[in-house]
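Novice: sequence and predicted model, in that order:
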Amino acid sequence: MNVAAGWSKRVKSRAQTRKQRNRAAQRLFAGSAALIFLVFFAIVTMLVQCSLPLWQSVSPPQFITGRVWKPDQGLFGLLPFILGTFWTTGLGIAFALPLSLLSAVYLAEYARPLTRAVIKPVLDILAGIPSVIYGMWGVLVVVPAVQSIFAPSFSRAFPHAGLFQSGNPTGFSIISAGIVLALMIAPILIALMVEILLAVPLALREASMAVGASRWQTVKYVVLPKAASGLIAALILGTSRALGETMAVLMVVGNVATLPRSLFDPAYPIPALIANNYGEMMSIPLYDSAIMGAALFLLVIVLFFNILSSLVLRRMLK
Amino acid sequence: MKSEIRTHHRWIFWLILISTLLAGCSGSAPKPETITVSGAFALYPLMTQWAEAYQQVNPAVRIDVTAGGAGKGISDTLAGAVDIGMVSRELSPEELNQGAFPVAVARDAVFGTLNAANPYLDQIMQKGFNQQLLAGIYITGEITTWGQVLGKPEVTDQIRVFTRSDSAGAAEMWALYIAGKKQSDLLGIGVNADPGILEAVIKDPLAIGYNNLNYVFDPQTQKPVNGVVIMPLDLNGSGAIEAHEIFADKASAIQAVAEGRYPSPPARDLYLITKGSPGGAVKDFMIWILNEGQVYVETNGYIALNPEQLNEMRSRLDIET
């Protein structure tokens, strides 16, 4: 055995070790990714499977358009909950969008780096506050304010607008849920939107200002149009977050399963339905399937919004 | 060849290291026996006392208690997520069919609540509520103003009606008492949890709600929690409230329940349930509750089961295992 042969053997085995390590690492990574996918698959399968018994007595269209939810009488109509979900989410987005967009423009275009450096961590902290704390704050501050200030003044100011008239004497209402939701998703929206605005190339701004545009004109005619699809994608992501928000909304929304007619009516969103009635599932026939069916419906909606946002983002990047 | 074997060795070494680390997290010391409990808010304060006392006598046992409403206690137990469920209502046949094994351990009651700053409090305290009035408020929705309650049409202040949003024994009992109905028939704004509905009533002078005995009364002062008064119920149907129908402190309320003057429902037995009849540490704990544990019942503001019922429960635990 000469020296050269031994040397080459060593090199070979080192290369093999490298290869093996590489393969092991790849398997580990692939396994982790597969696990996540499997969990998603398992959840969907479970929801579909568990909701199957319901479809034998209620058809899916009946389930979605039914107006009465009386499980002990076998009536499973999800419409009040669907409307409750869309009203609270819609209102939350309506409040959060202008607030977030204006703050994001300020932070990305006007604020000095120091200001940005101070506000950014505050936003991160706000985004990290547990939702039950937002809910508590909603019960203690927003609900009484809606009851004693907003509801009476709006109903007096717009006596003929049904949207502002309600028989609900308390502040537990859609508008309270909307306000709490808006404050919850605004930090996330702002953080996303700032990133998107900062991604617009600096050269575009310089070119715009070089031809004499003011900062505001630059924002209006150059930055915002360029960032539009990204901002829309951020908004859609915020929407799907709001759709699934459970605890904070549950605490302030009133949980009454009727079709809401006014901003000051109580409502009952789907996540609250699931969280509240988990306990009754075992005692009433078909109740568990109906809850699973509601969860499946919610999942499909959120999935739809997520896919929509990634499509929009992809268009922006092209 | 040699280094190849070495790398295998190294993999095995890492594997063993990681698995011992993981095992280390889950329990390297002799593992204490853990009993998990969840369910009714009504039983929660007493259960935490029991758990603490029992763990002192039996240091090898750990007891985890969480509150989440009677329904959650039942679902968790039947799903196998906890060992013992706390239940503050009668069990339905469906729940018994799925293997729920109830053992009554104490009694308490649900009380209606009013805000202490209610502008009509004096008149309400004279006239009182009865089942017809409450049914009008909570079930049919025909009664919406305090004027209707007092028989004074000129009073148009609306009643702010609160109920529990999570599935609760208190709500079941309240509905059963008012009109023989179920929680899902109760009208009103749904608020989460026992402390939640109490808070809602405290914040609104025109509110009515209901709570478990041990949440309406402050354990320190033995009086109703600041800002709340117990809804006076015209228990004997005389059309007016007499002194013995007003519960200004906990002792008088407990006495009324124990003597049967306060109706049942809303007074009720409180149960612990297991999935199938219990065994092992869980059974030991439940036997302890029915014997030594009973001294904690009255000191914590609950009403003890009568002796025959207690004996029946003890033999139930013994026979069926």
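Specialist: Great, that's in hand. Numbering: from 1, shown residues only, chains lettered A, B, ... in the order given.
Novice: B:Thr145 touches B:Ile159, doesn't it?
Specialist: Yes - counting by C-beta atoms under 8 Å, B:Thr145 touches B:Ile159, with 6.5 Å between them. For glycine as for every other residue, the C-beta is placed from the backbone atoms N, C-alpha and C.
Novice: which one's more surrounded, the two?
Specialist: Higher neighbour count among B:Thr145 and B:Ile159: B:Ile159, with 20 against 16, using other C-beta atoms under 10 Å in any protein chain shown.
Novice: who's in contact with that one?
Specialist: A:Pro169, B:Ile137, B:Ile143, B:Thr144, B:Thr145, B:Trp146, B:Val149, B:Leu206, B:Ala207, B:Ile208 (C-beta atoms under 8 Å, 6 or more residues apart in numbering or on different chains).
Novice: for the fifth one, phi and psi?
Specialist: For B:Thr145, the backbone dihedrals are phi -120, psi 160 (criterion: degrees, to the nearest 10).
Novice: try the fourth one
Specialist: Dihedral angles of B:Thr144 (phi, psi; degrees, to the nearest 10) stand at phi -120, psi -10.
Novice: what's the neighbour count on the closest residue to it other than its chain neighbours?
Specialist: Nearest residue to B:Thr144, sequence neighbours excluded (C-beta to C-beta, 6 or more residues apart in numbering or on different chains): B:Gln158, at 5.8 Å. Close neighbours of B:Gln158, defined as other C-beta under 10 Å, add up to 14.
Novice: thinking B:Gln158 is in contact with B:Gly147, fair?
Specialist: No - judged on C-beta under 8 Å, B:Gln158 makes no contact with B:Gly147 at a distance of 9.6 Å.
Novice: can you give me the helices in the stretch 201-321 of chain B?
Specialist: B:213-216, B:250-258, B:280-290, B:295-299, B:307-319 (DSSP state H, counting those that start in this stretch).
Novice: for B:Val82, which of those is the nearest?
Specialist: helix B:280-290 (10.2 Å; C-beta to C-beta).
Novice: relative to helix B:307-319, how tilted is that closest one?
Specialist: Helix B:280-290 and helix B:307-319 meet at an angle of 170 degrees, taking axes from the mean of the first three to the mean of the last three C-alpha atoms, to 10 degrees as the criterion.
Novice: what's the mean pLDDT across helix B:280-290?
Specialist: For helix B:280-290, mean pLDDT rounds to 89.
Novice: tell me which other helices or strands that helix touches.
Specialist: Packing partners of helix B:280-290 (3 or more C-beta pairs under 8 Å, 6 or more residues apart in numbering or on different chains; DSSP states H and E): strand B:33-39, helix B:44-57, strand B:61-67, strand B:84-87, strand B:100-115, strand B:267-275, helix B:307-319.
Novice: which ones among the contacts of B:Ile159 lie within strands?
Specialist: B:Ala207, B:Ile208 (DSSP state E).
Novice: redo the contacts of B:Ile159 as CSV? Include distance to A:Ala213 and pLDDT.
Specialist: Formatted as CSV, those follow (distance: C-beta to C-beta, whole Å; pLDDT from 0 to 100):
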residue, distance to A:Ala213, pLDDT
A:Pro169, 53, 80
B:Ile137, 64, 92
B:Ile143, 65, 91
B:Thr144, 60, 90
B:Thr145, 62, 91
B:Trp146, 63, 91
B:Val149, 67, 88
B:Leu206, 58, 92
B:Ala207, 58, 92
B:Ile208, 62, 94
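Novice: which among the contacts of B:Ile159 end up buried?
Specialist: A:Pro169, B:Ile137, B:Ile143, B:Thr144, B:Thr145, B:Trp146, B:Val149, B:Leu206, B:Ala207, B:Ile208 (16 or more other C-beta atoms under 10 Å in any protein chain shown).
Novice: I'd like those as a markdown table, with distance to A:Phe297 appended.
Specialist: Shown next, in a markdown table, are those (distance: C-beta to C-beta, whole Å):
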| residue | distance to A:Phe297 |
| --- | --- |
| A:Pro169 | 32 |
| B:Ile137 | 33 |
| B:Ile143 | 36 |
| B:Thr144 | 33 |
| B:Thr145 | 38 |
| B:Trp146 | 40 |
| B:Val149 | 41 |
| B:Leu206 | 37 |
| B:Ala207 | 34 |
| B:Ile208 | 35 |
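Novice: tell me which of those is nearest to B:Leu114?
Specialist: Using C-beta to C-beta, those come closest to B:Leu114 at B:Ile208, 5.8 Å.
Novice: so who does B:Val201 touch?
Specialist: B:Thr113, B:Leu114, B:Asn115, B:Phe162, B:Ala207, B:Ile208, B:Gly209, B:Gly227, B:Val228.
Novice: apply 7 Å and report the result again.
Specialist: By C-beta atoms under 7 Å, 6 or more residues apart in numbering or on different chains, B:Val201 lies in contact with B:Thr113, B:Asn115, B:Phe162, B:Ala207, B:Gly209, B:Val228.
Novice: ok, now B:Pro219?
Specialist: Counted by C-beta under 7 Å, 6+ apart, B:Pro219 has contacts B:Gly301.
Novice: what's the distance between stretch A:151-160 and the middle of its chain?
Specialist: 31 Å (C-alpha atoms, centre = their mean, to the nearest Å).
Novice: meant to ask about stretch A:163-182, not that
Specialist: Distance of stretch A:163-182 from the chain centroid (C-alpha atoms, centre = their mean) equals 20 Å.
Novice: hang on, B:Pro224 packs against B:Tyr215?
Specialist: No - assessed by C-beta atoms under 7 Å, B:Pro224 is found out of contact with B:Tyr215, at 10.1 Å.
Novice: the residue nearest to A:Gly230 when sequence neighbours are not counted: which element?
Specialist: Take A:Gly230 and drop its neighbours on the chain: the residue closest to it by C-beta to C-beta, 6+ apart is A:Ile196, 3.8 Å away. Taking DSSP states H and E as the criterion, A:Ile196 maps to helix A:174-198.
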